[in-house]
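In: Make a model of this:
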Amino acid sequence: MDKIPPGADLTLIPIAPPPYPGYVPNLNGKGELEDMSIAVCATIVALQLILLTIRLFTKLKAKSRLACDDWCAVIAALLSFGLAITVVGQRSRAKHMWDISLASAIDPTLAKIGYSSMILSGPALFMGKVTMLALYLTIFGHIRKVKWSIYAVMFFALTTVVMTPLDAVKCGRKKGQGWGEQNPACEETYVYGVVQGVVNLVVDLYILILPIPIIMNLNLPLKKRLGVLVIFLTGSIAIVADIIAMKFRVDLVKAKDPAWAGFLILLLSVVETGISVMCSCMPTLASFGRRHLFQSEYFIAIRSFLSSSRSRASSNTSSFSPFSYRTSRPKKRLDPYSINMPTNNSVSQLHSNAYVELNDHGSLAPSRDIQRTTEVEQISIHNSEKSAGRIV
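Out: Alright, predicted model coming up:
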């Protein structure tokens, strides 16, 4: 600062030397990440709003009280919205160090926004993890080992929030220090960011792996098991964001273009928190589609119209074909005295079959097909006993 001549235009002075001789700094133009940050934050916020609205609507429509995982999702979404606002607010700094002017670096407004985003990122990431873990606790909480392992992972994820007060103290302004002044103590918090990244990655891996063995061991057709599993595997996107963010956290510790790395870490934090909220809404979204979309009058009318059009087209094709002919299959006559009694094991297996559908309360519910099959088996047993009595 002492080498800057008096009266110099600070908007024309970069805060870092150019990467190579002859490079022209982009001091007053748009940053490379400016438009992308707006698009990403707007998309994440919009998708969260849509899915969270569907989730709350489905719960309240079913006259169900909001559970703990619902409130966790609301809190995580609010923190994600606040973090997205701070990221967009400092988008002018979405540049490399050699493209940032000294005037932008000492701007007190941008410094306050950056401080706010740093304070929000830890709680937002933590609540994103808690949202998914609370959902698992609602669904798989009846399994004792799973329940206690979820509690342990929640406690482990709490370390990300513990670091937030340390960041606030280190990066806060001391008495008599302005927001535009450089604070070397804030650079010490970069190591905390690496620890936070490791914790996030471990927790997300646990969230991804936990439902796989439980769902794959269900006594169900493979197609249904995979369908339920896909709902939970959408959280793998958060792991990709964790890995990319870890790379930039390490760059931040090495003082390798800290402005660029720091902005990308915040942007990925918005993505990671938003993905967690959206994934926690997926089970309710499936219930919403099944109850309010696929059973609506408009959907049924469209489906019947398409099926009738298909049947008319197939009948016209068969009537004009010179090689078409009908083959009548002899109907199989049922012997009224033949009794096919199902064993008790098959009926009990149906009753003890695993849960495959998620109801409006967020918990797993028995499939309707299983319930109907059980009823049919019970009726057939009752009728068979009557027939056997007549024969005797």
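In: CA atoms for contacts and neighbours, from now on please.
Out: Fine.
In: where in the stretch 201-350 of the chain is pLDDT low?
Out: In the predicted model of the stretch 201-350 of the chain, residues 286-287, 289-350 satisfy pLDDT under 70.
In: What residues sit buried inside the helix ranked longest in the chain?
Out: When every helix of the chain is counted residue by residue (DSSP state H), the longest turns out to be helix 108-140. Of the residues in helix 108-140, those buried by neighbour count under the rule 16 or more other Cα atoms under 10 Å are 110-140.
In: Repeat that for stretch 15-27.
Out: Across stretch 15-27, burial judged by 16+ other Cα under 10 Å covers 15, 25, 26, 27.
In: Residue 94 against residue 260, yeah?
Out: Yes: using Cα atoms under 8 Å as the test, residue 94 is close enough to residue 260 to be in contact (6.2 Å).
In: Name the residues of the helix or strand residue 245 falls within that are buried.
Out: Element membership of residue 245, judged by DSSP states H and E, is helix 236-253. Applying a neighbour-count criterion of 16+ other Cα under 10 Å, one finds 236, 238-239, 241-242, 245-246, 248-253 buried in helix 236-253.
In: Out of those residues, which two sit at the greatest distance?
Out: The most widely separated members of these are 236 and 253, with 26.3 Å between them, by Cα to Cα.
In: Kindly provide the whole-number mean pLDDT of stretch 157-165.
Out: In this model, stretch 157-165 has a mean pLDDT of 83.
In: Give me the contacts around it.
Out: Among residues not part of stretch 157-165, those counted as contacts by Cα atoms under 8 Å, 6 or more residues apart in numbering are 119, 122, 123, 125, 126, 129, 192, 196, 199, 200, 203.
In: which of the residues in it are buried?
Out: By neighbour count, and taking 16+ other Cα under 10 Å as the criterion, the buried residues in stretch 157-165 are 157, 158, 159, 160, 161, 163, 164.
In: how about those in CSV, adding distance to residue 213 and secondary structure?
Out: Shown next, in CSV, are the buried residues of stretch 157-165 (distance: Cα to Cα, whole Å; DSSP: H, G, I helix; E, B strand; the rest coil):
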residue, distance to residue 213, secondary structure
157, 23, helix
158, 26, coil
159, 27, helix
160, 28, helix
161, 30, helix
163, 33, helix
164, 35, helix
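In: Dump the residues you listed into a markdown table; add distance to residue 45 as well.
Out: Compiled in a markdown table, these are given as follows (distance: Cα to Cα, whole Å):
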| residue | distance to residue 45 |
| --- | --- |
| 157 | 24 |
| 158 | 24 |
| 159 | 26 |
| 160 | 23 |
| 161 | 22 |
| 163 | 26 |
| 164 | 23 |
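In: Go through the residues you listed and say which is closest to residue 232.
Out: When the buried residues of stretch 157-165 are compared for distance to residue 232 (Cα to Cα), residue 157 wins out at 19.5 Å.
In: Could I get the full set of helices for this protein?
Out: For the chain, the helices defined by DSSP H occupy 34-61, 68-89, 102-105, 108-140, 144-157, 159-171, 190-209, 211-216, 222-233, 236-253, 258-288, 297-320, 344-351, 368-391.
In: Lowest pLDDT pick from the contacts of stretch 157-165?
Out: Of all these, residue 192 carries the smallest pLDDT score, 83.
In: how far away is that residue from residue 151?
Out: 23 Å (Cα to Cα, to the nearest Å).
In: angle of the longest helix of the chain against helix 258-288?
Out: Here helix 108-140 runs at an angle of 30 degrees relative to helix 258-288 (axes from the mean of the first three to the mean of the last three Cα atoms, to 10 degrees).
In: Do I have it right that residue 104 meets residue 11?
Out: Yes: shown here, residue 104 and residue 11 form a contact pair, counting by Cα under 8 Å, at 7.3 Å.
In: More neighbours: these two, which one.
Out: A side-by-side neighbour count of residue 104 and residue 11, using other Cα atoms under 10 Å, places residue 104 first with 21 against 14.
In: measure the closest residue to residue 253 other than its chain neighbours to residue 250 for me?
Out: On the basis of Cα to Cα, 6 or more residues apart in numbering, the spatially nearest residue to residue 253 that is not a chain neighbour turns out to be residue 190, at 5.4 Å. In this structure, residue 190 and residue 250 are separated by 8 Å, where distance is defined by Cα to Cα.
In: Could you do residue 78 as well?
Out: In terms of Cα to Cα, residue 78 sits 28 Å off from residue 250.
In: buried sites along stretch 195-214?
Out: For stretch 195-214, by 16+ other Cα under 10 Å, it's 196-197, 199-204, 207-208, 210-212.
In: Now it - C-alpha only, CSV.
Out: The C-alpha coordinates for stretch 195-214 follow below in CSV (Å, rounded to 0.1, in the frame of the first residue of the first chain):
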residue,chain,number,x,y,z
VAL,A,195,-11.0,-30.5,7.9
GLN,A,196,-14.5,-29.4,7.1
GLY,A,197,-14.2,-30.8,3.6
VAL,A,198,-13.0,-34.2,4.9
VAL,A,199,-15.9,-34.4,7.3
ASN,A,200,-18.4,-33.5,4.6
LEU,A,201,-17.0,-36.2,2.3
VAL,A,202,-17.1,-38.9,5.0
VAL,A,203,-20.7,-38.0,6.0
ASP,A,204,-21.9,-38.0,2.4
LEU,A,205,-20.3,-41.4,1.7
TYR,A,206,-22.2,-42.7,4.7
ILE,A,207,-25.5,-41.2,3.5
LEU,A,208,-24.9,-42.8,0.1
ILE,A,209,-24.0,-46.3,1.4
LEU,A,210,-26.4,-46.7,4.3
PRO,A,211,-29.6,-47.6,2.4
ILE,A,212,-28.0,-49.9,-0.2
PRO,A,213,-27.7,-53.1,1.9
ILE,A,214,-31.1,-52.5,3.6
